[in-house]
Structures are given as structure tokens and as C-alpha cells.
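> predicted model, plus sequence, below.
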Amino acid sequence: MEWNPALVGSGVHSPGDSQSTTSVGTPDVAYQVGLADALHRVQCGVLITPAVGPPLFVNAYARAVLDRAIGLSITDAGLEARQAADTRRLREAIDRAATHRLDACVTLLLPRSTGGRPLAVHVPPNRVSAQHGYATVVLSDPEQSLVLVETSFCRLYGLTRAEATVAALLLQGKSVEEAAAGLFVSIHTARTHLKRILLKTDTGRQGELLRLLLTPSAQMRLD
């Protein structure tokens, strides 16, 4: 079954929109609403947009980026970057993807008004039927920290709450010593937690542990 924004109404859909549950009893709409819920849980921006005009779907991550108005916004004409040249390239890529004329992913780095690392915007080729005429836009803000779901670490690997907190701090780039200071425990206690984490996750060193914790299963927002 293919994505059809028409099945969930019109307008930009974000978490909590009543439109997103219109006629949810029908199989097609239930499928689309379930897909939308899943997209709201991923930690990158996903927008479904026509060739011309504003997106019909914006997931939670993308909405948070757009609300900060730091480098990308929505207008009646469609997505708009801070610089006219970037807007032109973005809309051209969206138009080509929506009409099945885009052969390879287009990636743009959009300068942000606040300085720092630019927003990364990807427009991949449309791999579904051409009948709907929509493009997918993937958005990432390198300055936006991951939402670390410690309860997922507990479910997946049997970590205690304290161990999951240590794992989250390490994933944020903290050292074991910094994690100990942040938790007001001794370095010996923090190292003991790390040893148990490595054992429970079947990882041999800290780098391997961090790669594991960055996998989609560990980063999906499930609550």
C-alpha cells in the first residue's frame, strides 16, 4: 500500500492534529494514521509535500525545527530557505521528485540564522507510484540533540535505571568521570555501571557500546 496524503485530509499534519484521525475506521486511513504516528517517533525530520505548495505532512522532529525559524520555513508557495538560491534549488528538487524526474538524492546545507552548523535537507527520488505527485523531504539539524530514551535502553538490554542514565550520558559525549560527577557518585561506581552495561549489551568496549546505542531500535521514541 502506498502513502496517500489525501486519505488523512489536507493541511500540515503535526502530532495531536484532529485531521490525522479522520475516518480512522477505514483500513486505508488507519494504515496512513499508523504510518504518521511511526514517523512522529523517528529522530529526523520527514515532510511529505506536493510539487508546489506547503507540505501535507510534517513529523514532530521537523515541526520542532521549523518552529525555531532558524533556516527553513513554510509558505503558501512551499518550503523556503533563508537564501533565495537555496529556495530555488530546494523547490526544483521537490518538483522533480514529485514528478518522477529526479534520478538521485539532492542534498542541501542551509545556513541557519543563529550561526553554527547548517541544516541538512535531503530530497530523495520518488520510488512510489507517480499518481499522487508528492515528494519526501528529510531534514536534520546537527545542533539538535538526540532525545535519549533511557526506558528503551532498559527494555532492550535489561539495564537498571542508573545504568541507563550512565549510558545516556556517555552517548552525549560525557566521559566516565563527567558522568560520575553529573550523577553525584564516585568514579568507581560509574565504572562499575559501565562494566555491567558492557556485559549486558554484549559489547567489548565503549566505542562499540555507543554504536549499538545509536541504532534505530535504541533511538526510536516509544513512549
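Nice, thanks for sending it over.

> tell me the domain ranges of this structure?
Using automatic domain parsing, the domain parsing of the chain gives 5-140, 150-219.

> just want the most central residue of the chain.
Nearest residue to the geometric centre of the chain (Cα atoms, centre = their mean): Cys44, 1.6 Å.

> from Val138, how far out is that one?
Applying Cβ to Cβ, to the nearest Å, one obtains 6 Å for the distance of Cys44 from Val138. Just so you know, the C-beta spots here come from the backbone N, C-alpha and C atoms, and that holds for glycine as well.

> remind me what the lowest-mean-pLDDT helix or strand in the chain packs against, helices and strands.
Ranked by mean pLDDT, DSSP states H and E, the weakest helix or strand in the chain is helix 216-219, scoring a mean of 73. Contacts defined by 3 or more Cβ pairs under 8 Å, 6 or more residues apart in numbering; DSSP states H and E place helix 216-219 against helix 150-157.

> and after the one helix or strand Leu66 maps to, which helix or strand comes next?
Element membership for Leu66 (DSSP states H and E) is helix 60-67. Downstream of helix 60-67, the first helix or strand assigned by DSSP H and E is strand 72-75.

> and the helix holding Leu66, average pLDDT?
Regarding helix 60-67, the rounded mean pLDDT is 93.

> give me the contacts around that helix.
Contact with helix 60-67 is made by 14-15, 40-47, 58, 72-74, 119, 139, 141, 144, as judged by Cβ atoms under 8 Å, 6 or more residues apart in numbering.

> so which of these sit within strands?
Mapping the contacts of helix 60-67 onto strands (DSSP state E) picks out 45-47, 58, 72-74, 119, 139.

> and these, which two are furthest apart?
The largest separation in the ones in strands among the contacts of helix 60-67, counting by Cβ to Cβ, is between Val46 and Ser73 at 17.0 Å.

> who's more crowded, these two?
A direct count of neighbours by other Cβ atoms under 10 Å for Val46 and Ser73 places Val46 higher, at 20 against 14.

> please, where are all the helices along the chain?
For the chain, the helices defined by DSSP state H cover 27-40, 60-67, 84-98, 150-157, 161-171, 176-183, 187-200, 206-213, 216-219.

> now the longest one: mean pLDDT?
It stands for helix 84-98. Per-residue scores along helix 84-98 average to 96.

> against which helices or strands is that helix packed?
With contacts defined as 3+ Cβ pairs under 8 Å, 6+ apart, helix 84-98 has these neighbours: strand 45-50, strand 78-81, strand 106-110, strand 119-123, strand 134-140.

> now the second one, how far from the chain's geometric center?
When C-alpha coordinates are averaged (Cα atoms, centre = their mean, to the nearest Å), strand 78-81 and its chain have centres 19 Å apart.

> residues of it that come out buried?
78-81 (16 or more other Cβ atoms under 10 Å).

> give me the neighbour count for Tyr31.
By other Cβ under 10 Å, the residues close to Tyr31 number 17.

> hang on, the earlier thing: in ChimeraX, select just the buried ones from the contacts of helix 60-67.
In ChimeraX syntax, the buried subset of those is picked out as below (16+ other Cβ under 10 Å):
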select :14,40,41,42,43,44,45,46,47,58,72,74,119,139,141,144
